[in-house]
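> how would this look folded up:
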Amino acid sequence: MATAFRDRSEAGRVLADLLQEYRGDPAALVLALPRGGVPVGYEVASQLGIPLDVFVVRKLGVPGREELAMGAIASGGVRVLNDEVVRHLAISPGIIDAVAERESLEIERREREYRGDRPRPDVRGRLVILVDDGLATGSTMKAAVSALRLQSPRWIVVAVPVAAAASREEFRFIADQVVCARAPEEFSAVSEWYDDFSQTSDREVRRLLAMADAAREPR
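Model (predicted):
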């Protein structure tokens, strides 16, 4: 199977081409899911000439099987559970709470790491483009959309370079709009659709956010 993208930067440029209707929109804001969504979101924000920030979401991994998501938690404490996984594995509320508490601490750490003293962006009445590097089950993106809904944006666009076809269809009922460059029926992992899917570091996230801010400063 041929990969779709050379790396996340190329994927972001491809995605930006599909979002041209929002170019220069003063109400638009790109919120990228760190870490992997930030290089994609940086290209989208740069190409469209709109601000970039981060929206921190963490997977709730099943203890002992951390790669399996039993849900996710987002900034603001919003929790989304995968009820099927929770029921099938008979995971107790106490275990869920313990994992969620640990991941909440990591969310707080990352927000300090990436944003410093800057406040979270005010999304009330705005058009928010939520960006990640891909969707498999989509649990983290579901948490992000749920958390954003509580902040009353006018419109939420979920934008990803690649998604499982079933996940893309599911998000048509969750977000206001879904923009996806590739949605294959046969899908096992986001990483398979990139030549380079190396981990994005905290340092790279900070660098891209600083570059995006600098590009929008008055000259």
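
> got phi/psi on the residue nearest the centre of the chain?
With distances taken as CA atoms, centre = their mean, the residue of the chain nearest its centroid is Leu33 (3.1 Å). Dihedral angles of Leu33 (phi, psi; degrees, to the nearest 10) stand at phi -90, psi 120.

> thought it was touching Leu130?
Yes - in terms of CB atoms under 8 Å, Leu33 counts as a neighbour of Leu130; the distance is 7.1 Å. (Each C-beta comes from the backbone N, C-alpha and C, glycine too.)

> the longest helix along the chain: which residues count as buried?
For the chain, the helix that runs over the most residues, judged by DSSP state H, is helix 93-115. By neighbour count on 16 or more other CB atoms under 10 Å, the buried set for helix 93-115 is 95-96, 99-100, 103-104, 107, 110-111, 114-115.

> among those residues, which one lies nearest to Ala27?
Comparing the buried residues of helix 93-115 against Ala27 with CB to CB places Arg115 closest, at 21.3 Å.

> if we ignore the residues flanking it in sequence, what's nearest the closest one?
Spatial nearest neighbour of Arg115, excluding adjacent residues (CB to CB, 6 or more residues apart in numbering): Val54 at 7.1 Å.

> ditto for Gly12
Going by CB to CB, 6+ apart, Gly12 has Glu43 as its nearest residue, at 2.7 Å.

> just the C-alpha atoms of the helix or strand harbouring that neighbour, please, in PDB.
Here Glu43 sits within helix 37-48, counting by DSSP states H and E. Output of helix 37-48 as PDB, limited to C-alpha atoms (Å, rounded to 0.1, in the frame of the first residue of the first chain):
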ATOM      1  CA  GLY A  37      -1.700  17.600  15.100                       C
ATOM      2  CA  VAL A  38       0.400  20.700  15.600                       C
ATOM      3  CA  PRO A  39       2.600  20.400  12.500                       C
ATOM      4  CA  VAL A  40      -0.500  19.800  10.400                       C
ATOM      5  CA  GLY A  41      -2.400  22.600  12.100                       C
ATOM      6  CA  TYR A  42       0.600  25.000  11.600                       C
ATOM      7  CA  GLU A  43       0.500  24.500   7.800                       C
ATOM      8  CA  VAL A  44      -3.300  24.900   7.800                       C
ATOM      9  CA  ALA A  45      -3.200  28.100   9.800                       C
ATOM     10  CA  SER A  46      -0.300  29.500   7.700                       C
ATOM     11  CA  GLN A  47      -1.900  28.800   4.400                       C
ATOM     12  CA  LEU A  48      -5.300  30.200   5.500                       C
END
